[in-house]
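Any chance you can model this:
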Amino acid sequence: MRTRREAMSRALSFFRILCLTGGASVLALACLAPLMAGAQALGGCTAAAGGAFRVEVRLDTAPVRLNRSLSRAQLGERTFHGPRTRVLGLTHSTVDLDTSAAYKWSPAGDGACFWVEAVDVVLRYQAVEIFVASEYSPNSCAYHAILRHEQEHVAVARKHLDRYAPRYRAALTSLLIPRPRSPKLVASQSEMQQEIERLLAKLLQPIATEMHREMAEAQAALDTPQVYRRVRRQCKNW
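As a prediction, the model looks like this:
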């Protein structure tokens, strides 16, 4: 019986989630000599002795950093609005979905039987940085109004991660994943690895897509002209 662990990472980098850009999927696997083809001629696999299937989903949120080093024009250059736009505040962060799976396999004639023993998912909310334009003193009313608004964006992102964590966990209890009691027959080590990658993507990608869409909509709702007017009414000097 042999054990391997694969890791898959999906990253999304965004400015306040208004400009979403998808990151590439990365799959890291140990290179093993493939088993000889021919598993299709085998009758099937028997249940593995012992072993339990484990799923863990956890959140990893970084502390917020405050940055006053950029002017309104410089903040504008960091957005799609361009340098001619006066941007008073901005929140930058990344959301990463890191997935790893521990699996075992045993020879079965010319092929192999494999099963997954554990899947770990980490939802990372990292590189969280709030920018307040350098024109505003930390003692000013405008500074605190901008800061409160940007903190709302951070709270929205964290709320969505909290809400979606149970959905990732539920998806990974799918019977599609080979368990110790129901191993799957494959022809080679590479097929084993491809099947794990395919299953994780099939189960998790729809949830990730929906989560990021809802986060983008919720963040955009905080950046409407009506909301900006409410923020401006809080202070006199801008």
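
What count of nearby residues applies to residue 156?
Number of residues near residue 156 (other CB atoms under 10 Å) recorded here: 19. C-beta: built from backbone N, CA, C; applies to glycine.

Please read off the pLDDT at it from the model.
According to the per-residue confidence, residue 156 scores 96 in pLDDT.

close enough to count as contact, it and residue 220?
No. Look at residue 156 against residue 220 with CB atoms under 8 Å: they stay out of range, at 10.2 Å.

Tell me the spacing between residue 162 and residue 71.
Here the distance between residue 162 and residue 71 works out to 35 Å (CB to CB, to the nearest Å).

again with residue 198
Noted for residue 198: a distance of 48 Å to residue 71, by CB to CB.

out of these two, which sits in the more crowded spot?
Here residue 198 and residue 71 are set side by side on neighbour count (other CB under 10 Å), and the busier one is residue 71, at 15 against 11.

who touches the closest residue to that one other than its chain neighbours in this structure?
Closest residue to residue 71 apart from its sequence neighbours, by CB to CB, 6 or more residues apart in numbering: residue 134 at 5.2 Å. Taking CB atoms under 8 Å, 6 or more residues apart in numbering, we find residue 134 in contact with 68, 69, 70, 71.

Now, of those, which are buried?
For the contacts of residue 134, a neighbour count by 16 or more other CB atoms under 10 Å gives the buried set as residue 70.

any chance of the contacts of residue 134 in TSV, with pLDDT and distance to residue 171 too?
As requested, the contacts of residue 134 are exported to TSV (pLDDT from 0 to 100; distance: CB to CB, whole Å):
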residue	pLDDT	distance to residue 171
68	97	41
69	97	41
70	95	40
71	94	45
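
Format the contacts of residue 134 as TSV; extra columns: distance to residue 230.
Conversion of the contacts of residue 134 to TSV gives the following (distance: CB to CB, whole Å):
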residue	distance to residue 230
68	23
69	27
70	24
71	24
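
could you dump the contacts of residue 134 to CSV with secondary structure?
Output for these, formatted as CSV (DSSP: H, G, I helix; E, B strand; the rest coil):
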residue, secondary structure
68, coil
69, coil
70, coil
71, coil
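
residues contacting residue 195?
Neighbouring residues of residue 195 by CB under 8 Å, 6+ apart: 114, 184, 186.

And the helices in this protein?
In chain order, the chain shows helices spanning 72-77, 141-171, 189-220, 225-233, with DSSP state H as the criterion.

Name the residues of the last one that are buried.
When neighbours are counted by 16+ other CB under 10 Å, the buried residues of helix 225-233 are found to be residue 231.

orientation of the longest strand along the chain relative to helix 189-220 in degrees?
Using DSSP state E to assign secondary structure, the strand with the most residues in the chain is strand 111-132. Orientation check (axes from the mean of the first three to the mean of the last three CA atoms, to 10 degrees): strand 111-132 against helix 189-220 gives 20 degrees.

Okay, now the sheet partners of strand 111-132, with direction.
Strand 111-132 has its sheet partners listed here by DSSP bridges as strand 54-61 (parallel), strand 65-67 (parallel), strand 89-108 (antiparallel), strand 184-186 (antiparallel).
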